[in-house]
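> Next input, structure requested:
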Amino acid sequence: MVVETGRPADPSLDELGDIARRVAAAVETVIAGKPGAVRLAITVLLAEGHILIEDVPGVGKTLLAKALARSIDCSVRRVQFTPDLLPSDVTGVSVFNRHAPAFMVLFLTRRFNRLHLLPAGRAFRNDHFLGDLTVECDCTYPIEREILHNNVWDKDAVDVIRRLVKTGDVCMDVGANMGSLSLAMAKQIGSSGKVYAFEPGPIAAARFRNNVRLNPAFQGVIQLAEIGLSDKPGQLFYNEDMKNRGNGALLGTSGQSVEVITIDEFFRREGIDRLNFVKIDVEGMEYEVLKGGLATWKRFQPVLFFETIREFEMHLKQPLFKNIEIMLKEIGYILFKYIDGQLIETTSSDLGHDTIALPSGMRAKVA
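Just a heads-up that it's a prediction; the model follows:
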């Protein structure tokens, strides 16, 4: 169930009706005299169904599809039927979907997302996150819009957590944002485990705390520290990425000052005596965070799961991931990429979006 928070009864239906009317008005600026066809097409899209329009040539069928697609920021494609056209020419041959029609005269290439049109700042409660968890999603933030639509964020990361995190494990979520992957870890480890989360961004941290509050079973499992992590203690400056709201980094020379410590120091302070899984997503500071935890990695040999986006290397003009590979190899770690459910051994020259580093002794266990 998706419920809007902080609004009168049934506001989402009112909003949806208003959106549909605005889309119809936009379409009718180019399609005149066919309000029934326009209304029917919008109704089918809202229901996420299919529509077949049959009529004589030249009455606006293609124009209707184009106008509707452009009104909702989608694209449109056309298939021209010829006597030798086969179903596989349209649907392809590699994937079978028994629910898909064999022929389509016109089709939208991007799935219609009703939430795309919702304005920033509107908050909804999603009671089906990861199946049975509850989170609040603010449409300002791309991550939360995705969760509202698909009930998951970063499916590959969730798959990795489900595969490598076990009941009772101790985990770390570095760069926790609004808590989606901390909740995934908590669901996996249960009440006998622990998640130590780190999020220096004040807005994201507040949303994190609220999402943990909405899942009371995890309040004693997840512990949030509103600090940054690096290779040495001190102060850094947090800045939100205004092009990707909700994400932020500590690489600026000005901004909101935040405390920064090392993972090794955090473990010494807290007296933590075991660690099984670490996820790191810190917008280009992965090397510094990993370096600041070398003693911890040597002691506990956890799985390390971290972001490896090449754009960060280009921006910082440093071979970040080669440096990470050398540093981790010296303490007995091997790099893997996760593709279609498989862990494939790799090197820094051939990394995916995310990389898994495993102690050499774990190689046989995950093969």
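> Which residue ranges make up the domains of this protein?
With automatic domain parsing as the criterion, the domains of the chain are listed as 13-116, 153-366.
> Can you tell me which of these is most buried?
domain 153-366 (a mean of 18; mean count of other Cβ atoms under 10 Å). Bear in mind the C-beta positions are built from the backbone N, C-alpha and C, glycine included.
> In CSV: the domains of the chain, plus distance to N126 and mean pLDDT.
Listed next are these as CSV, based on distance: least, Cβ to Cβ, whole Å; pLDDT from 0 to 100:
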stretch, distance to N126, mean pLDDT
domain 13-116, 11, 68
domain 153-366, 10, 94
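> Would you mind telling me which of these is nearest H128?
H128 sits nearest to domain 153-366 of all the domains of the chain, at 12.6 Å, using Cβ to Cβ.
> which stretches of the stretch 101-250 of the chain form helices?
142-150, 155-164, 180-189, 202-213 (DSSP state H, counting those that start in this stretch).
> export these to TSV and tack on distance to I356?
Listed next are the helices of the stretch 101-250 of the chain as TSV, based on distance: least, Cβ to Cβ, whole Å:
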stretch	distance to I356
helix 142-150	21
helix 155-164	7
helix 180-189	14
helix 202-213	24
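> who are the neighbours of the helix ranked longest in the chain, in terms of helices and strands?
Counting by DSSP state H, the longest helix found in the chain is helix 11-27. Judged by 3 or more Cβ pairs under 8 Å, 6 or more residues apart in numbering; DSSP states H and E, helix 11-27 is in contact with strand 2-4, helix 35-46, helix 61-71.
> Just put the domains of the chain in TSV and tack on distance to E136.
Rendered in TSV, the data for the domains of the chain read as follows (distance: least, Cβ to Cβ, whole Å):
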stretch	distance to E136
domain 13-116	14
domain 153-366	6
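> out of those, which comes closest to R145?
domain 13-116 (5.8 Å).
> who touches W153 in this structure?
By Cβ atoms under 8 Å, 6 or more residues apart in numbering, W153 lies in contact with 143, 146-147, 180-181.
> same deal with F198?
Residues near F198 by Cβ under 8 Å, 6+ apart: 172-176, 224-225, 227-229.
> is it in a bridge, and if so with what?
When bridges are called by DSSP bridges, F198 pairs up with V174, A225.
> Over to stretch 210-229 now: how far is its first residue from its last?
From its first residue to its last, stretch 210-229 covers 22 Å (Cα to Cα, to the nearest Å).
> re earlier: please convert the contacts of W153 to a markdown table, extending it with distance to T29.
Below are these laid out as a markdown table (distance: Cβ to Cβ, whole Å):
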| residue | distance to T29 |
| --- | --- |
| I143 | 34 |
| E146 | 31 |
| I147 | 34 |
| S180 | 40 |
| L181 | 44 |
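> Pull up the gap between the nearest residue to K187 once chain neighbours are set aside and I161, please.
Using Cβ to Cβ, 6 or more residues apart in numbering and skipping residues adjacent in sequence, the residue nearest K187 is L130, 6.2 Å away. For L130, the distance to I161 equals 10 Å [Cβ to Cβ, to the nearest Å].
> Check L304 too.
As judged by Cβ to Cβ, L304 and I161 stand 13 Å apart.
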